[in-house]
Structure formats: structure tokens, C-alpha cells
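> quick one, structure for this:
(one chain, ligands or ions: 1)
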Amino acid sequence: MPDVTTLPKTKARTRTERPRLYKVILLNDDYTPRDFVVTVLKAVFRMTESEAYGVMLTAHRRGACVVAVFTREVAETKAKEATDAGRGLGYPLAFTTERET
Ligand code: TYC
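Just a heads-up that it's a prediction; the model follows:
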């Protein structure tokens with residue numbers, strides 16, 4: 001009797017790539033009140049008062065500040081939600097997203 005066993009010679013492997021990450025960046029402007037920026041950071045990004053104040057002040061002083069890092073969908077949704085909050089009151093407040101290298 002010939003040996004006709006059919007054991008697989010290779011083993012299937014599943015490789016899951018980690019998703020690309022995107023930064024949400026807060027941009028400074030001359031018109032949005034500081035308190036409003038802090039309120040939006042707390043509401044949309046679940047920051048504490050002191051975290052939000054620190055990020056707001058960094059953007060105010062340096063022109064921009066990284067707020068947080070997310071997968072693309074979440075980063076874009078939060079950036080839009082936060083930007084729209086300012087638009088609703090006529091402020092030029094802007095959040096952008098940028099892919100991490
Ligand atoms: N520069 C604004 C002011 O002086 C406050 C501000 C801070 C606005 C950070 C936007 O991302 C910002 N009223």
C-alpha cells in the first residue's frame with residue numbers, strides 16, 4: 001500500500017497589519033475665545049480641564065498643537081465635529097488631520 005497521506009505541507013498564517021494612525025491637530029487663530037477652545041477639547045476629545053488648557057495654550061503660542069492620535073475614521077470624524085462646533089458660532093476654529101509617518 002503506497003503512502004498517500006495528505007497532510008498539509010504548509011501552515012496557513014493570518015497576518016493582521018496594524019492600522020495607520022492619524023494625528024488630530026488644533027490650529028491657532030486670532031478670533032476663537034480661549035474658553036471655547038477648552039470647552040470643545042473637553043467635549044470632543046474627553047480631556048480634563050488642565051489637559052485642554054495646556055493644548056489650547058500650546059496652539060495659541062506655537063500656532064498648532066497635536067491633540068491626539070486615532071485611526072483615520074475616528075480622527076476625521078472628531079476633527080470635523082470639533083471644527084463644526086466653532087462654525088456653529090461663527091468662529092474660525094480649525095482642526096486638521098495628518099497621517100503619522
Ligand atoms: N488665539 C486665540 C485668542 O487669543 C485663542 C485660541 C487658542 C484659538 C488656540 C485657537 O487653537 C486655538 N483668543
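> could you report the neighbour count for the nearest residue to Leu21 once chain neighbours are set aside?
Leaving out its chain neighbours, the residue that sits closest to Leu21 by Cβ to Cβ, 6 or more residues apart in numbering is Glu100, at 4.5 Å. Every C-beta, even on glycine, is put in place using the N, C-alpha and C of the backbone. Glu100 is flanked by 10 other residues according to other Cβ atoms under 10 Å.
> what's the distance between Glu100 and Gly90?
Here Glu100 is placed at a distance of 32 Å from Gly90 (Cβ to Cβ, to the nearest Å).
> what do you get for Ala82?
Separation of Ala82 from Gly90 (Cβ to Cβ): 15 Å.
> which one's more surrounded, the two?
Between Ala82 and Gly90, Ala82 has the larger neighbour count (other Cβ under 10 Å), namely 21 against 8.
> so what's the backbone phi/psi at Lys23?
In terms of degrees, to the nearest 10, the main-chain angles of Lys23 are phi -80, psi 140.
> would you map the helices across the chain?
34-45, 49-62, 72-87 (DSSP state H).
> let's have those helices in a markdown table, adding distance to Phe95 and mean pLDDT.
Converted to a markdown table, the helices of the chain look like this (distance: least, Cβ to Cβ, whole Å; pLDDT from 0 to 100):
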| stretch | distance to Phe95 | mean pLDDT |
| --- | --- | --- |
| helix 34-45 | 8 | 98 |
| helix 49-62 | 10 | 98 |
| helix 72-87 | 4 | 98 |
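> save the ones you listed as a markdown table, and put in distance to Thr96 too.
Output for those, formatted as a markdown table (distance: least, Cβ to Cβ, whole Å):
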| stretch | distance to Thr96 |
| --- | --- |
| helix 34-45 | 14 |
| helix 49-62 | 12 |
| helix 72-87 | 6 |
